[in-house]
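> pasting a predicted model and its sequence here:
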Amino acid sequence: MALLKVRGFDVHKGYLDAARQRALIESLRGVLKAAPLFSPEVPGGGRMSVRMTSAGQFGWFSDAKNYRYTEQHPAGQAWPVIPAEVLEIWRVLTGLERPPECCLLNYYGEGARMGLHQDKDEADFSFPVVSISLGDDGLFRIGNRTRGGKTESLWLNSGDVVVMGGAARLAYHGVDRIRFKSSRLLPKGGRINLTLRVVT
Ligand code: SIN
Ligand code: MN
């Protein structure tokens with residue numbers, strides 16, 4: 001385990017050992033059963049290449065109109081609760097009393113990526129976003145608080161946890177590509193990223 005600082009992001013390399021990664025995947029099975037993955041449409045047309053779902057009071061959602069938080073899965077049911085194992089990571093790493101209200105689960109299959117963006121659909125940017133990586137390696141890119149300029153890339157491996165807080169809370173970030181089947185955590189391959197957010 002090692003803590004790297006990359007442009008204000010706290011990157012906890014190897015924060016979760018193999019046993020905790022497996023336990024986390026187990027706890028996510030229930031989430032995926034109650035709230036199956038879907039491929040969100042994006043404003044301007046097309047769909048994201050990642051598939052996603054959420055746990056918590058709010059889920060992050062996107063369609064042809066806009067990006068927003070919703071209280072229901074697109075199929076109509078409430079989002080499932082955030083697993084205790086996930087909440088524990090937030091509590092220990094942020095030291096905050098207040099729990100996250102959204103755990104967004106992004107699944108990257110072969111060829112999936114996520115363009116540079118800011119997380120800015122939340123009401124209060126003084127709360128950090130915590131990101132947990134599981135499964136295949138992902139090439140994470142960090143930019144600036146405004147579009148453009150130099151960026152820095154690092155590989156996130158299974159078990160890495162990133163805290164995006166302070167001045168880095170509104171930094172552009174994205175995932176250029178994954179190394180499909182680089183990990184054996186998920187039987188069918190792919191990468192899961194969980195991001196925990198206080199929404200309101
Ligand atoms: C995100 O920004 O929502 C996902 C980041 C990641 O997949 O590491
Ligand atoms: Mn993001």
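Perfect, I can see it now. Numbers count the residues shown, from 1 in each chain. Ligands and ions are numbered 1, 2, ... in the order given.

> and the nearest residue to Ser27 once chain neighbours are set aside, how far from ligand 1?
In this structure, Ser27 finds its nearest non-sequential neighbour in Pro83, 3.7 Å apart by C-beta to C-beta, 6 or more residues apart in numbering. In short, each C-beta sits where N, CA and C put it, glycine included. Going from Pro83 to ligand 1 by C-beta to the nearest ligand atom, to the nearest Å gives 18 Å.

> count of neighbours near Pro83?
19 (other C-beta atoms under 10 Å).

> for it, give me its contacts.
24, 27-28, 30-31, 55, 103 (C-beta atoms under 8 Å, 6 or more residues apart in numbering).

> now it: phi and psi?
phi -60, psi 150 (degrees, to the nearest 10).

> same question for Ala78.
phi -60, psi 150.

> does it really touch Phe58, like I thought?
No. If you go by C-beta atoms under 8 Å, Ala78 and Phe58 don't touch, sitting 10.2 Å apart.

> of the two, which one has the most company?
Between Ala78 and Phe58, counting by other C-beta under 10 Å, Phe58 is the more crowded of the two (24 against 13).

> so that one sits against Tyr69, correct?
Yes. Checked against C-beta under 8 Å, the pair Phe58 and Tyr69 is within contact range at 4.1 Å.

> between these two, which contacts overlap?
Shared contacts of Phe58 and Tyr69, defined by C-beta under 8 Å, 6+ apart, are found at 102, 199.

> any idea which element Leu28 lies in?
Assessed by DSSP states H and E, Leu28 sits inside helix 18-34.

> got the CA positions of the helix or strand just after that helix in CSV?
Scanning forward in sequence from helix 18-34 by DSSP H and E, the next helix or strand is strand 51-55. What follows is strand 51-55 as a C-alpha-only set of coordinates in CSV (Å, rounded to 0.1, in the frame of the first residue of the first chain):
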residue,chain,number,x,y,z
ARG,A,51,-22.6,0.5,-18.6
MET,A,52,-23.7,1.7,-15.2
THR,A,53,-26.0,1.5,-12.3
SER,A,54,-26.1,3.0,-8.8
ALA,A,55,-26.8,2.3,-5.1
